[in-house]
Every structure is written in structure tokens, then in C-alpha cells.
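**Q** Next comes the sequence, and after it the predicted model I'd like to discuss.
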Amino acid sequence: MTSTSTDQPRKTLPARLGLSGGAAALKVRFIGVIVFLALLGIAFSALTPRFATLDNGRSILFTAAILAVAAVGQAIVVLTGNLDLSVGAIMGMAAYVIYDIAGQNPVLQPYVVVLAILLGAILGAFNGFLVAVLQIPSIVATLGTLSIYRGFVSFYANATEVTSGQLPPWMRMLATASWFGLPAYVWVALAIVITTAVALRVLPWGRKIYAYGSNPKAARFFGLNSTRIIIGAYVAAGIIAAIAGLLLGAQVGNINSLLASGFEMQVLAAVVIGGVSIWGGSGSVYGAAVGAIVLATINNGLVLLQVQEYYRLLIQGAAIVAAVAVDALVQRRIHSATTRRRIMEVVE
Amino acid sequence: MFTLTRQSSRRIGAAALAVVAGIVLAACSSTAPTSNSAGSTADANSLKIFMAPKFTGLAYFEVARVGGEQAAEDVGFEFQYIGSDKPEATEQIATITNAIPQKPSALVVSAIDGDAVAPSLKQARDAGIKVVTYDADAAVDSRDLFINQLSYQLAAETMLDAALLNSPDGGQVAFISASPTAPNHTAHVKIMKELIDSDERYSSLSYIDTVQFAGDDATKSQEIALNLIQANPDLKVIISSSAVSAPAAQQAIINAGKTGQVFATGFALPSSVSDFIESGASKAFALWDPAELGYVATVAAYQLATGEITAEEGQVIDAGKAGKYTVGKDGEVLYDKPLMFTADNIADYDF
């Protein structure tokens, strides 16, 4: 998160103090999400006996699985200080187009994941090109591609549906399977979350994303190629979104051209609640995944309590605002800490 | 704040470009890609009828469109299908407002929100355009006729019958609607509750009072279905008037491994539910023939536009092979031909 500074050879005492101040704030932020989730759990358990059961826990994790996968992809982009509003459209396109093609050419059915990776990479690269090369602000660029991708699905689908019988049988089985007591989707989501987290931590690619996101100017000054970093982040996000689309398609069964429309709001909510800073550079994919579980828990608990839909929106909105407000405070703290450090270094 | 470091002039230029592109895109999506004409174009004075579904991209409305196109071909007038692919009232209002200057003779509309689109429909009527609603009604004074696929009463009975076919011993039911502003869904649920309370035939059923809303979204419907199953251990049947929610709920039941313990039913296209019915996961779903409904609504719009009929009570719409229908109170015309899809007949339907 502050790897720009750790990469530097010289470290002064104030620098180390400043770093630990920022890092501590971030740690508090992640623990905050866990605490919030625990409080939700306690509140719902107290209000309804149906909440704290194994079966319900499984059900929440199953609902959260796809959202968590999509949120992980979004988190990579948000870490660079950008947004990807086209995530729902990429999911919809991957699900509809790939299952339609595979439905008509059964030989392709074992390779749907490969097709999703290809399609996701292309759509993500186009997003990245608009943002990094043409330098269009990401919120506008991906709002545009949201329309383009969704428009393409509508055009391609021509108001027909891909029905559950056309889906590859192995994907349908995956959607209903249960491994070691948990739905298969939960394991798949966990695998994607951990793989992405490790990639961000271990690969130079991942460290550059954090470095660029936390301070684009400095990153460029130190010779990091910002174009490549941003396009790389969007390609990764596109691939993950396309895979999330396949999972969602197999879960829903009957796929129409509107699948996952509006999903970007849920995904962004999960990322923000999970503590990934909307200003870039800080947060973790684990946080984004926990954010997805928080949203799924809110939805589940409110249905269990027979609460009307309107309240769900209110509560979800309040959680988002609270999360961003906390982020703003953390951000200010890190900012003042790192600025102080930089001044010290310059003075030295 | 996402692009702190970029040159501002370049950024503003690019942003402006992108915004313009976005607007052009939005404008296109609300009219161009879905408009299509059929029927006679020989006569410059020939009538022109526009059909606007709640939103485009749903197979159900596409089947109704085929009926409208057939009517145009049989009777001989120009037919256009207009609409946005976003399920939002503001989009439909824009579609209707944009249609008025093109001076169609009549509009055939499925209202996404009966009150929200009413002012734009009134504008159309003020401009001399006849307005017929089908599938979902708008405020009574904003349209001439409403071709109602099933009276609310019959729709409610049909869905409860389907519920009993799935769970012959009755049990607890839960409802998923599209939105609180969808007048037909709201009415269906209200009448189903009344029937369960008072009608002997449905006395084996009980219901969960809170209605959940899924906005015709498959993902949302599944999440709600799953949560309903968790919340109510005695739940037997999930009922939805939404052709998206009902099959999605059934799929959620299968995903959760509750096949045979809980059922989903309601209105759905036979193509969406044939797998469930053939595999035995569900015993029955219901609907009507959307193509014939679209046919009757379009013919009614044509006859209103030519002055063959008025919207007064007692007038008769002769839709040829699709039958004769009498205008009732408040300009409501009952189509009233429910279809029940079961293992015995699901293979006979191709929509």
C-alpha cells in the first residue's frame, strides 16, 4: 500500500513512523469491516432465530460468491485510482455470448472458461486503452463502454434467451454442487480471491499497481510505466468479470440480454465497504470479498426479518456512505503522514 | 479526483468528447436499434402504429411484437416496435415523448409504471394519437383501451391453481413482484391473498404477508428466493407474476438442492421453464399467448384509429381469427385466455 516508500533505499526514523501511522490506519480499516460484519451477525441473530444456522450461512456465502469475484476484479482497478463501471456489462456479455456460442457448438463446451478469459481480456484492454492511452477519465470511459458492451449484447441477443438446457452440463453441475459442506461456487470464489491477492503481493505487476495507485506522480517519477499498469489492471478486471459472468449465467439458468445489468453498483458497494480506497493505492482484495459478504448478509437478514425492499436500499446506502467517510479520514491521515515524511527526506 | 495528475485541458477535451459520445449512444439506444417496420408502405396515407413494450430485450415482449407484426400484415398498415432496453420509467417516457412528433395513428403500450408514464401518454392523446395499453395498464384517463391478458381475478386464480398443481397438499406461499409501482403485480398479490383467506378451493394454502420486489431481474430474484427459503422453513411455493422472476426462483431452488421440497410458479414463457417441467422439478407454470395478445391489442389500436370502434363500453373488437372482444367498464377489454403448462402439453408451445 505504501510500497513506494519501502522500495526506497534510505529510510529515516520519521519515515518509519509515518509509514506505521498509515499502515496502522489501514489495518484498523480492514478490522473495521470485520467488526461491522460481526455486529450485523449479532444483530440479526438476536432478531431472528433463523439467521444463525449453518444452512443460512451457506446460503449467504453462496449469494456472496459471485459478487465477491466481481468485487475482486473491480478492486484491482480501484487500486489504480480508477473505476470500472462496465463490469456488469462484461459479465452479461460473457454469459450470453459465450454460452450461446458453446450451446451451438458443443465441442467448445469444455473451453468456455478459456473463451471467457479471451473475451474478458479484450473488453478489459479496450477499457484500459480509453483510460490510459486516450486519458479519458475512467468514470466516463467505462460509462461509455457499459453502454457499448450492453448494447452489443442486446443487438446480439435480439431479445431471445439462452435457456438452461443450452448451458454446458458441467457448468450447471458446478452451480448446484457442494464440496466439503460448502457450495462449489464459494470454493471457486475463494480460489479467485486468494490467487488475485497473492498475485498482487508477489508479482511485480501487483506491487506496481499499489505503487501507482498510492501516488501516480511519484510512480511515474520513479520510471513506472503508467499506461501499462492501468491497461494491465483493466485486463485483469475484465478477465475476472467475464468469469464472474459465466458463474452467474450458470446460476441463473435462463440468460437474457439484461443479465447483471446494474450489477456495477453492487460491486462498487462491496469494494468500498470492504475498505478499498476509492482514491486508489490502499485496500485489499480480501476486504472487497468481505464487503460482498456484508452486502449479502444485509440482504439475507432483511428478508429473514421480512423487511421491505426500501429499507434494504436505505441501509445499504448508509453502509456505503459510512465506509467512504471512514476512508476519507484514513486517506487524510496517510496523506499527512506521507507528506511529512517526504518533506523530511527532502530536507535531509 | 481519479485523474489528479493529468493535464487538465486535455482531460476536459477528452471528457467532453466522451460525454457527447455517451449522449449519442443513449439517444440511439432509446430508438434506433429496435425499430423495425413491417406491412404495407405503398400508401403514403396508410396508418402507422407504434408498439412500445415495457422495455426491449425480453423474450415475452418479442413474442407480443410478432403478434403485432402479424396484425399489420393481415390488416395492412405500418408497424413499428420502439423502446429502450433499460427497465426504467424515465426511459419509457422518453420513448413515448420521442414518438409523438412522428405522428403515429396509435400507440400500443405496456406501461412500466402506470402513473409515471401517464402524462406522456396524455400528451400523445392530446396530439390525436389513440393509446391502447396491453400487458400492463396505465392510469385510466391516459389511454383509450386496455387489453387485459387476464382479469386480475383470473390471473390470481390461475397462479394459485398452478401452486396447487405443484404442491397438492397446499402449504405456505411467498410472493415476488416486480416493483410496488407495477399495477398488475400489486393487484395479483392482493387478490391472491384475499382468495387464500376466503376461498374454499385455496384454504389449504397460507401466505407470507411481506411481498419481495425483484424488478424483473434474474439475479435479484434468485437471491430473494434463496433468502425466502432460509427465512421460512415451511415455505412450499414461491409465486411471481414476473416472467423473469418465476423461472429464476425455480432455478434458485434447484441450485439450493431443494427440488421437490419447494416449488416456484407463476407466469413464465414455456421456453424458459420447459427444462424444469420436463425434469419434474416443477409441475406447472402458467401464461397466456403473448402473440395473440399483441395481435388483439394492435388490431384494437387500428380500429380505434380508423374510427371503426370507439372506446365506449359495449363496443366490439373483431380481431378475426383471434376472436371477438367486448369493451367493458373504463375501456378495459378482457382477453382472458389463460394457458397452463404441464408435462402433458409443454412440448406443444414454441415461444
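**A** Received the coordinates, thanks. Numbering: from 1, shown residues only, chains lettered A, B, ... in the order given.
**Q** Once you drop chain neighbours, what's closest to the residue nearest the centre of chain B?
**A** Central residue of chain B (CA atoms, centre = their mean): B:Asp135, 5.2 Å from the mean position. Leaving aside its sequence neighbours, B:Asp135 sits nearest to B:Ser110 (CB to CB, 6 or more residues apart in numbering or on different chains; 3.9 Å). (C-beta placed from N, C-alpha, C; glycine too.)
**Q** Tell me, how many residues neighbour the one you found?
**A** Neighbour count for B:Ser110, taken as other CB atoms under 10 Å in any protein chain shown: 27.
**Q** mind checking pLDDT for the residue nearest to the centre of chain B?
**A** The per-residue pLDDT reported for B:Asp135 equals 92.
**Q** Would you mind measuring from it to chain A?
**A** 15 Å (CB to the nearest CB, to the nearest Å).
**Q** So that residue versus B:Ala322, what's the distance?
**A** Look at B:Asp135 and B:Ala322: by CB to CB, to the nearest Å, they are 16 Å apart.
**Q** And A:Pro216, by the same measure?
**A** A:Pro216 is 65 Å from B:Ala322, by CB to CB.
**Q** I'd guessed A:Thr176 sits against B:Gly257; true?
**A** Yes: contact criterion CB atoms under 8 Å: A:Thr176 and B:Gly257 qualify, at 6.7 Å.
**Q** Counting neighbours, go ahead and name the busier of the two.
**A** A:Thr176 (17 against 12).
**Q** Quick one: residues contacting the closest residue to A:Ser138 other than its chain neighbours.
**A** Leaving out its chain neighbours, the residue that sits closest to A:Ser138 by CB to CB, 6+ apart is A:Asn82, at 3.7 Å. The contact partners of A:Asn82, taken as CB atoms under 8 Å, 6 or more residues apart in numbering or on different chains, are A:Val131, A:Ser138, A:Ile230, A:Ala233, A:Tyr234, A:Gly280, B:Phe2.
**Q** How confident was the prediction at A:Asn82?
**A** Looking at A:Asn82, the pLDDT reads 95.
**Q** Please apply the same query to A:Tyr210.
**A** 92.
**Q** Could you grab the helix/strand/coil label for it?
**A** helix (DSSP: H, G, I helix; E, B strand; the rest coil).
**Q** for A:Leu259, helix, strand, or coil?
**A** When classified by three-state DSSP, A:Leu259 comes out as coil.
**Q** Return the backbone torsion pair for it.
**A** phi -50, psi 130 (degrees, to the nearest 10).
**Q** Helix or strand for the closest residue to it other than its chain neighbours, just tell me which one.
**A** Excluding the flanking residues, the one nearest A:Leu259 by CB to CB, 6+ apart is A:Gly92, at 4.5 Å. Remark: A:Gly92 resides in helix A:87-93, with elements defined by DSSP states H and E.
**Q** and that helix, what does it pack onto?
**A** Judged by 3 or more CB pairs under 8 Å, 6 or more residues apart in numbering or on different chains; DSSP states H and E, helix A:87-93 is in contact with helix A:54-79, helix A:112-128, helix A:138-157, helix A:226-252, helix A:263-273.
**Q** repeat that with 6 Å
**A** helix A:138-157, helix A:226-252, helix A:263-273 (3 or more CB pairs under 6 Å, 6 or more residues apart in numbering or on different chains; DSSP states H and E).
**Q** In the second one, which residues are buried?
**A** Of the residues in helix A:226-252, those buried by neighbour count under the rule 16 or more other CB atoms under 10 Å in any protein chain shown are A:226, A:229-252.
**Q** Spell out whether that helix and chain B are in contact.
**A** Yes: applying CB under 6 Å from any CB of the partner chain, one finds that helix A:226-252 is in contact with chain B at A:Val252.
**Q** how far off helix A:138-157 does that helix point, in degrees?
**A** Compare the direction of helix A:226-252 with that of helix A:138-157 by axes from the mean of the first three to the mean of the last three CA atoms, to 10 degrees and you get 40 degrees.
**Q** helices and strands around helix A:226-252, which ones?
**A** helix A:54-79, helix A:87-93, helix A:112-128, helix A:169-176, helix A:204-214.
**Q** And those: which comes nearest B:Thr181?
**A** Ranking the helices and strands packed on helix A:226-252 by proximity to B:Thr181 (CB to CB) places helix A:87-93 first, at 23.1 Å.
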